[in-house]
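**Student:** Here's my sequence, what's the structure:
(chains A and B)
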2 protein chains.
Amino acid sequence: MTKKPELVFVALGGAGEIGMNMYLYGVGSGRDRRWIMVDCGVSFGDMESSPGVEVIMPDPAFIEAEAERLQAIFITHAHEDHVGAIGRLWPRLRAPVYARPFTARFAALKMEEAGQDPGMIRPVGAWPETVEAGPFRVAFLPVSHSVPESSALLIEAGGHRVLHTGDFKIDRTPPLGEPFDEALFAEIAAGGIDALVCDSTNVFSDHPGRSEAEVAEPIAELIARAPGLVVATSFASNLARLRTIAHAARAAGRAVQVRGRAMKRMIGLAQEAGILTDFPETVGDEAAAEMPAERLLVLASGSQGERRAAMSQIAFGANDRVRLQEGDLVLFSSKTIPGNEKAVARVFNRLSELGARMVDDQDGLYHVSGHANRPDLAAMHRLVAPKLLVPMHGEHRHLVAHAELARASGIAAVVAPNGTLVRLAGGEPGIAGSVETGRLYLDGSLVIGAEDGVVRERLRLAMRGHVVAAVVVDQHGELAADPVVEVIGLMAEVDDEVPDLAVEIESVIELAFDRAERRELRSDEAIERMVATACSQLCNRLIGRKPLVTVLVSRVETE
Amino acid sequence: MTKKPELVFVALGGAGEIGMNMYLYGVGSGRDRRWIMVDCGVSFGDMESSPGVEVIMPDPAFIEAEAERLQAIFITHAHEDHVGAIGRLWPRLRAPVYARPFTARFAALKMEEAGQDPGMIRPVGAWPETVEAGPFRVAFLPVSHSVPESSALLIEAGGHRVLHTGDFKIDRTPPLGEPFDEALFAEIAAGGIDALVCDSTNVFSDHPGRSEAEVAEPIAELIARAPGLVVATSFASNLARLRTIAHAARAAGRAVQVRGRAMKRMIGLAQEAGILTDFPETVGDEAAAEMPAERLLVLASGSQGERRAAMSQIAFGANDRVRLQEGDLVLFSSKTIPGNEKAVARVFNRLSELGARMVDDQDGLYHVSGHANRPDLAAMHRLVAPKLLVPMHGEHRHLVAHAELARASGIAAVVAPNGTLVRLAGGEPGIAGSVETGRLYLDGSLVIGAEDGVVRERLRLAMRGHVVAAVVVDQHGELAADPVVEVIGLMAEVDDEVPDLAVEIESVIELAFDRAERRELRSDEAIERMVATACSQLCNRLIGRKPLVTVLVSRVETE
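**Tutor:** Numbers count the residues shown, from 1 in each chain, chains lettered A, B, ... in the order given. Model prediction:
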């Protein structure tokens, strides 16, 4: 028997964090190793750590350097954290991208948005259809999740077999999309699975997961009883939920209006792909404006309190077509993603001030998660009976807890945060090395490195404010004009004695020049240092903080 | 029978938000109205909405204008959101401050820190002791909460009686501090209560509250079973919890070390005030360093993931005295306050990477809340049987839900967010007007208004980056020196063709001057506008965004 080649796994994103998934599988060794990528997603920036950044992506530098040996990219499902970066990063990867038809349409849009050829996205069918990509054979196995057509992947290479779950839950009765097919997984597992690379998101949820179908009745009852206008929100990609809400509206004699680009787009894509065939006819702005409130339901995007989304605009009155009144119902059929609590609370409170009756998932009636809870993860472990478990899609503590769960039932497990190269098969399984990882920020139209210092500088500007000083210096090192100072993000008026901080700083700069030795002023750098120090000391004394100081030195010749 | 004078209530902070509590009661009318203030607290700034701001306070302008008719200030308990602003705002209020002894010590510290006379804080005893303040008679009624000596206030004026709960829970068996005394409340209520002004924080928690005593056994068991080092955190002011943890450590044969200024200070104050008599002896840094890990428990401040707190420093290795090892236990005996989720997750994940076993309040074993849950609020309503309920200490939706809860059992209720003047008695109860409210930011050593635009400018700096341009112009409107540009919080290198954005902007400024009509350049404002427009357009084209632009114009004379 010839020795089977080594099969390795490494996450460039998604392991040690929830978001921006990017996983690699490699078979063979050294310069003969061939790769495939699974998912190519984004995270979103926030004020706390990345102000001004719209989108965060894994840095694909490691695989970019091996791009000619990257055989293909597979997208498991149509969520931003799994496919959002494909358009931006594809030019660095240049491999064909495989996805099931609806997901492929979504990925093609991402390519178009980034000016890339959507033709690189190749729609494929589910198991038993199989994609051959160099030494890899990959099949899409339908799983249940919060977007239709979600898939696990069966990855075969070098005589090894790996099951990559993607995001999944065990839902046997989803109202839209494919039910979890235990028999299919059992059949595939019967051939032996070397490694299960598995979603860890809900490892801390102890109760068994509930079916998406369970929210239909509570939602229908809630809407049937509502007296006035109903506004409902959920994740734009949760088409099953949107469909449930829309059907509930129709059943209650209400027309349905959809507000929000993301939501309209998802519904449209799903209809085109033929996986959403019975979404009720919706009404446009004009028709909606004519309807009595009690005959209308508005489906609005923005369940996470996003400032520009329809729900925020309704709350803050920017959307003058939808005016909430005392007693109207607003349903958040969603969970608040950690980190968004304040943004959501801001919208909730504004809606509350308008007199709306707020209903959220608080008691679990109106929302279920799309991820497998702890008992369902254990069920998946039992079903697949892998030789090795590698937890993915989780923060570090999720990965650790998931590994412990597997070990408790006798399955070996490896915690492998981003960059950890794991040997899955073809040798002793376990950690076999590490590769460089990082993050890229999409900032305006530029892609910048997270370590480039740009964002650090922005945080400093925000925390400390900015003093800018322009000095004009002649060939003798003398001031040739009055210094000009502006303070930005600082209070100009300190107190009655210092009505204008900028003027005070200008005086202190003149004083510094008066007192300086001529030789101190020879270089621009020396002048910048002197002026910055004078500004800093003065601000510390007057306002109790040291702002960021930028000094601009202009040189003129005088006679 | 003479008509009783009007008694009114207005919140300047704390109603419509959780934090910075400041409530006013007034008796009489017009220029004869006399006021008392209850609580004078802060909120904390965050990057999302107030970068660089340490502390947020209610703007007391309304009562400042009536300061000579403000009879007294009463502090219900020693939490920052109830007393944190007293030092900073006292000079605007200049009324005597009453609090029970431990709370008074904490308030005196706040006065000292702000350079005010701690002698203005007057310690008083609990009911039946009563403070006379002009037409008001006020008594402190002990309640259970998450800091000892918390009190409700019985406020009597003009023949009316109001019960202001402060923060409270119904805990009949607290291990430290006074139990909730149902008999006392019943006795007081027997005299008739016109209005109950009541904590709303936990109105959405449906299960009955649990006693602080219930966490003692789980914590003791957890610590007894821990093999290596134990690090535990909770709120610095939750002295009952710190005591429980410390006793559990001693029972398990561990020495206790306290790390963190806030925690040490709270323990010290409570010991001085004689309300914490049996806290175990603690060990210092030197002694702790000598201890084997399994004989030590470190109590660390920083349960909310605060970057500078002891727990963060332990996680990120800044504290080289405490080194966590695989299998050590870290207990978060606390809840994560909404908005702090990401900061806490950051610490959790770092601790997880170090191999620590993380335990939090997830299953409610190791933490209980200090606020009354929904059934306990209902019990309070029954106990006091007020004529009117005014919910406080909650976001808008909490106030609404609390009012509905009261109405459901036949009690009239008024939702009165900050600034809403409510007539409690001496006339038809209900909304009777409104007063100006606002927020003040403590920023460095300055107090600035939330509406002054400073913070808005900082957010813009952070979101958009900053371009600063210095131009030197002669009397003819010609450039007398090369323009100097710096970009801050922006990527300098755009691509191979534009290796330095600042240099590119400098060229575009020169070009703008070349092309400008002389008369356009007559005023500095016109020059600033022209340069800013040129910068903006170029940046939009090159980097896909418009940064904030500051133009500094210096004038020189040339021959």
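
**Student:** Show me the strands in the stretch 151-300 of chain A, by range?
**Tutor:** Using DSSP state E, counting those that start in this stretch, the strands of the stretch 151-300 of chain A run over A:151-157, A:160-164, A:195-199, A:230-233, A:255-259, A:296-300.

**Student:** Just tell me which of the ones you listed ends up closest to chain B.
**Tutor:** strand A:230-233 (15.3 Å; Cβ to the nearest Cβ). (C-beta placed from N, C-alpha, C; glycine too.)

**Student:** Below-threshold pLDDT in the stretch 251-400 of chain A: ranges please.
**Tutor:** The stretch 251-400 of chain A contains residues with pLDDT under 70 at A:319-320, A:362.

**Student:** Up against chain B, what does it have?
**Tutor:** A:338-339, A:341-343, A:345, A:348-350, A:352-353, A:358, A:362-363, A:395-397, A:400 (Cβ under 8 Å from any Cβ of the partner chain).

**Student:** are any of those residues buried, and which?
**Tutor:** A:339, A:341-343, A:345, A:348-350, A:352-353, A:358, A:395-397, A:400 (16 or more other Cβ atoms under 10 Å in any protein chain shown).

**Student:** These in strands, which ones?
**Tutor:** A:M358, A:E395 (DSSP state E).

**Student:** Any idea how many residues pack against A:A262?
**Tutor:** 16 (other Cβ atoms under 10 Å in any protein chain shown).

**Student:** Skip the chain neighbours and tell me the closest residue to it.
**Tutor:** Spatial nearest neighbour of A:A262, chain neighbours left out: A:A236 (3.9 Å); criterion: Cβ to Cβ, 6 or more residues apart in numbering or on different chains.

**Student:** Quick check: the gap between the one you found and B:G327.
**Tutor:** Noted for A:A236: a distance of 43 Å to B:G327, by Cβ to Cβ, to the nearest Å.

**Student:** who's more crowded, these two?
**Tutor:** Neighbour count, other Cβ under 10 Å: between A:A236 and B:G327, A:A236 has more, with 23 against 13.

**Student:** So what's the residue count around the residue of the stretch 351-500 of chain A found nearest chain B?
**Tutor:** Using Cβ to the nearest Cβ, the closest approach of the stretch 351-500 of chain A to chain B is made by A:S445 at 2.7 Å. Neighbourhood size, A:S445 [other Cβ under 10 Å]: 12.

**Student:** For the closest residue to it other than its chain neighbours, grab the count of nearby residues.
**Tutor:** Leaving aside its sequence neighbours, A:S445 sits nearest to B:G544 (Cβ to Cβ, 6+ apart; 2.7 Å). B:G544: 12 surrounding residues under other Cβ under 10 Å.

**Student:** likewise A:R357?
**Tutor:** With other Cβ under 10 Å as criterion, A:R357 counts 20.

**Student:** go on, A:F279?
**Tutor:** By other Cβ under 10 Å, neighbour count at A:F279 equals 18.

**Student:** will you turn the strands of the stretch 151-300 of chain A into JSON lines that also has mean neighbour count?
**Tutor:** JSON lines is the format used below for the strands of the stretch 151-300 of chain A (neighbours: other Cβ atoms under 10 Å in any protein chain shown):
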{"stretch": "strand A:151-157", "mean neighbour count": "25"}
{"stretch": "strand A:160-164", "mean neighbour count": "23"}
{"stretch": "strand A:195-199", "mean neighbour count": "28"}
{"stretch": "strand A:230-233", "mean neighbour count": "28"}
{"stretch": "strand A:255-259", "mean neighbour count": "23"}
{"stretch": "strand A:296-300", "mean neighbour count": "27"}
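
**Student:** want to throw the ones you listed into JSON lines with distance to A:V10?
**Tutor:** Conversion of the strands of the stretch 151-300 of chain A to JSON lines gives the following (distance: least, Cβ to Cβ, whole Å):
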{"stretch": "strand A:151-157", "distance to A:V10": "14"}
{"stretch": "strand A:160-164", "distance to A:V10": "13"}
{"stretch": "strand A:195-199", "distance to A:V10": "11"}
{"stretch": "strand A:230-233", "distance to A:V10": "37"}
{"stretch": "strand A:255-259", "distance to A:V10": "41"}
{"stretch": "strand A:296-300", "distance to A:V10": "40"}
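
**Student:** mind checking which of those strands is nearest B:M20?
**Tutor:** Of all the strands of the stretch 151-300 of chain A, strand A:230-233 sits nearest to B:M20, with 29.9 Å by Cβ to Cβ.

**Student:** Of all residues in the stretch 151-300 of chain A, which one is closest to chain B?
**Tutor:** Counting by Cβ to the nearest Cβ, the stretch 151-300 of chain A gets nearest to chain B through A:F204 (6.5 Å).

**Student:** Neighbours of that residue, how many?
**Tutor:** Quick note: A:F204 (other Cβ under 10 Å) scores 16 neighbours.

**Student:** Backbone dihedrals for it, please?
**Tutor:** phi -90, psi 0 (degrees, to the nearest 10).

**Student:** Quick check: bridge partners of the closest residue to A:S369 other than its chain neighbours?
**Tutor:** Using Cβ to Cβ, 6+ apart and skipping residues adjacent in sequence, the residue nearest A:S369 is A:N202, 6.0 Å away. Taking DSSP bridges as the rule, A:N202 bridges to A:N373.

**Student:** Surely A:A246 touches A:R254?
**Tutor:** No: counting by Cβ atoms under 8 Å, A:A246 stays clear of A:R254, with 9.3 Å between them.

**Student:** what is in contact with those two at once?
**Tutor:** A:L297 (Cβ atoms under 8 Å, 6 or more residues apart in numbering or on different chains).

**Student:** how does chain A divide up, domain by domain?
**Tutor:** A:7-207+A:369-449, A:212-359, A:465-555 (automatic domain parsing).

**Student:** from the buried ones among the residues of the stretch 251-400 of chain A next to chain B, which is closest to B:P391?
**Tutor:** A:S352 (12.1 Å).

**Student:** Surely the closest one touches B:V400?
**Tutor:** Yes: using Cβ under 8 Å, A:S352 is in contact with B:V400, at 5.5 Å.

**Student:** dump the residue contacts of A:V258.
**Tutor:** Contacts for A:V258 were tallied using Cβ under 8 Å, 6+ apart; they are A:K264, A:I267, A:T282, A:V298, A:L299.

**Student:** And for A:L7, the neighbour number?
**Tutor:** So A:L7, with other Cβ under 10 Å, has 29 neighbours.

**Student:** Next to chain B, which bits of the stretch 1-150 of chain A? Give me the list.
**Tutor:** A:G16, A:D46, A:M47, A:E48, A:S49, A:P51, A:G52.

**Student:** residue contacts, the fifth one?
**Tutor:** Right, the one you point to is A:S49. So A:S49 contacts A:V455, A:L459, B:K342 (Cβ under 8 Å, 6+ apart).

**Student:** A:A502 versus the second one, what's the distance?
**Tutor:** Translated: A:L459. With Cβ to Cβ as the criterion, A:L459 and A:A502 are 23 Å apart.

**Student:** and those two? which has more neighbours close in?
**Tutor:** Set side by side, A:L459 and A:A502 show more neighbours around A:L459, with 20 against 17, by other Cβ under 10 Å.
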